[in-house]
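K.L.:
what's the 3D shape of this:
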Amino acid sequence: MAEIDYTAVRRYWSNARPSILGPYMMDGFGFPPAAGLFRFKAEQRIVQGLVQGLDRAGTVLDLGSGIGFWAAAFARQFAQVVAVEASPALCDALRERCAPHANVRVVQQDVLSFEPDGSYELVFLGGMLMYLNDREVIALLRKIVPRLTPGGMILCRETTVRKGVVTRSGEYQATYRSIGVYRRLFAECRLSASQIEPNAPYVLLQLGCELMKKWQAVTPPQLRELDGLLGRLVYWGLRLGNPWILRIPDALWYESPQWLNHFFVLGPDVAHDRA
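P.N.:
Numbers count the residues shown, from 1 in each chain. Sure, this is the predicted structure:
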């Protein structure tokens, strides 16, 4: 199995532009910033449903916080938030966004070297495991599990594939795993997924990204100035066609988009511990 080069990953995110589109890999397609905000707010509604049973007096550990949209959202719902981000540019944006929230502690550090020093009601990994090789995924999760409060939750939001594993190389590197592969990794950490929720907002916008990629692949350079206009038209077409437009690929027996995304609600595997 191909492995991720962490030096390349760190280089990419150190140079990343701190925007709402960047962490969602939606830059360069002509989408307006509203597209990123739409996806975040739609995902936020999913997360609110998944964490509704947690103790709001507890602490959230947000690993790989990016520019801080999730950290700020958790700060409005929980007593304390510890936000960990390695990229200097993203961390600066994280601090600025969370400045109004006195209950947020920002830690500029790589998640692999970060040592949890408290108890956490919720540990959120918003697209972090895809940048780690299997052994680091296992090591990170095993480090987190003892820090969960009784009844606490690990919530992962990860880009997935339908079967097996796909690893991207080059300037942007990531590993996309199927749900079955993630289940096996979680089991090695004595974790089980009590709920796996499809991320419909991701799929909706990913359809737009793939459509724009096809446009850019066949368009001569002199027409690329139309990307901004077409990107906005595609975005609003997806918004107006949501949610029925998501049913079109299945109706045509067409596996699109290439990448999917899921929320994984994780907790200690009680059955394994009893055994």
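
K.L.:
Let me know the outermost residue of this protein.
P.N.:
Of all residues in the chain, residue 222 has its C-alpha farthest from the mean position, at 34.6 Å, by Cα atoms, centre = their mean.

K.L.:
For that residue, give me phi and psi.
P.N.:
With angles defined as degrees, to the nearest 10, residue 222 sits at phi -70, psi -20.

K.L.:
Next: residue 56.
P.N.:
Torsion angles, degrees, to the nearest 10, at residue 56: phi -70, psi -10.

K.L.:
ok, it - contacts?
P.N.:
Contacts here follow Cβ atoms under 8 Å, 6 or more residues apart in numbering; on that basis residue 56 touches 77, 78, 79. (C-beta placed from N, C-alpha, C; glycine too.)

K.L.:
For the stretch 51-200 of the chain, just list every one of the helices.
P.N.:
Taking DSSP state H, counting those that start in this stretch, the helices of the stretch 51-200 of the chain run over residues 69-75, 88-98, 134-144, 179-188, 200-218.

K.L.:
Looking at those, which one is packed in the most?
P.N.:
Ranked by average neighbour count under the criterion mean count of other Cβ atoms under 10 Å, the helices of the stretch 51-200 of the chain are headed by helix 69-75 at a mean of 23.

K.L.:
Who are the packing partners of that helix?
P.N.:
Under the contact criterion of 3 or more Cβ pairs under 8 Å, 6 or more residues apart in numbering; DSSP states H and E, helix 69-75 touches strand 59-63, strand 80-85, helix 88-98, strand 104-108, strand 120-126.

K.L.:
Longest strand of the protein, counting residues only.
P.N.:
Of all the segments of type strand in the chain, defined by DSSP state E, the longest one is strand 148-160.

K.L.:
tell me which strands and helices that one is in contact with?
P.N.:
Looks like strand 148-160 contacts helix 33-50, strand 120-126, strand 174-177, helix 179-188, strand 260-268 (3+ Cβ pairs under 8 Å, 6+ apart).

K.L.:
Please name the nearest non-neighbouring residue to residue 100.
P.N.:
Counting by Cβ to Cβ, 6 or more residues apart in numbering, the nearest residue to residue 100 once its immediate chain neighbours are dropped is residue 72, at 8.0 Å.

K.L.:
Settle this for me: that neighbour is touching residue 103, isn't it.
P.N.:
No. At 10.5 Å, residue 72 does not count as touching residue 103 under the criterion of Cβ atoms under 8 Å.

K.L.:
on that earlier part again, out of the contacts of residue 56, which one sits closest to residue 145?
P.N.:
Checking those against residue 145 with Cβ to Cβ, the nearest one is residue 78 at 19.4 Å.

K.L.:
The residue nearest to the closest one when sequence neighbours are not counted: what's it in contact with?
P.N.:
Once its chain neighbours are removed from consideration, residue 78 has its nearest residue in residue 60; the separation is 4.9 Å (Cβ to Cβ, 6+ apart). Taking Cβ under 8 Å, 6+ apart, we find residue 60 in contact with 71, 74, 78, 80, 81, 82, 120, 121, 122, 123, 124.

K.L.:
Distance to residue 212 and pLDDT for the residues you listed - can I get that in TSV?
P.N.:
What follows is these, written out as TSV (distance: Cβ to Cβ, whole Å; pLDDT from 0 to 100):
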residue	distance to residue 212	pLDDT
71	29	97
74	31	98
78	37	98
80	40	98
81	34	98
82	36	98
120	38	98
121	39	98
122	34	98
123	34	98
124	29	98
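
K.L.:
and the residues you listed, which two are the farthest apart?
P.N.:
Looking at these by Cβ to Cβ, the two members farthest from one another are 71 and 121, with 14.7 Å of separation.

K.L.:
partner residues bridging the closest residue to residue 155 other than its chain neighbours?
P.N.:
Of all residues not flanking residue 155 in the chain, residue 124 sits nearest, at 5.2 Å (Cβ to Cβ, 6+ apart). Beta-bridge pairing for residue 124 (DSSP bridges): residue 62, residue 155.

K.L.:
so residue 124 touches residue 61, yeah?
P.N.:
Yes. Using Cβ under 8 Å as the test, residue 124 is close enough to residue 61 to be in contact (7.1 Å).
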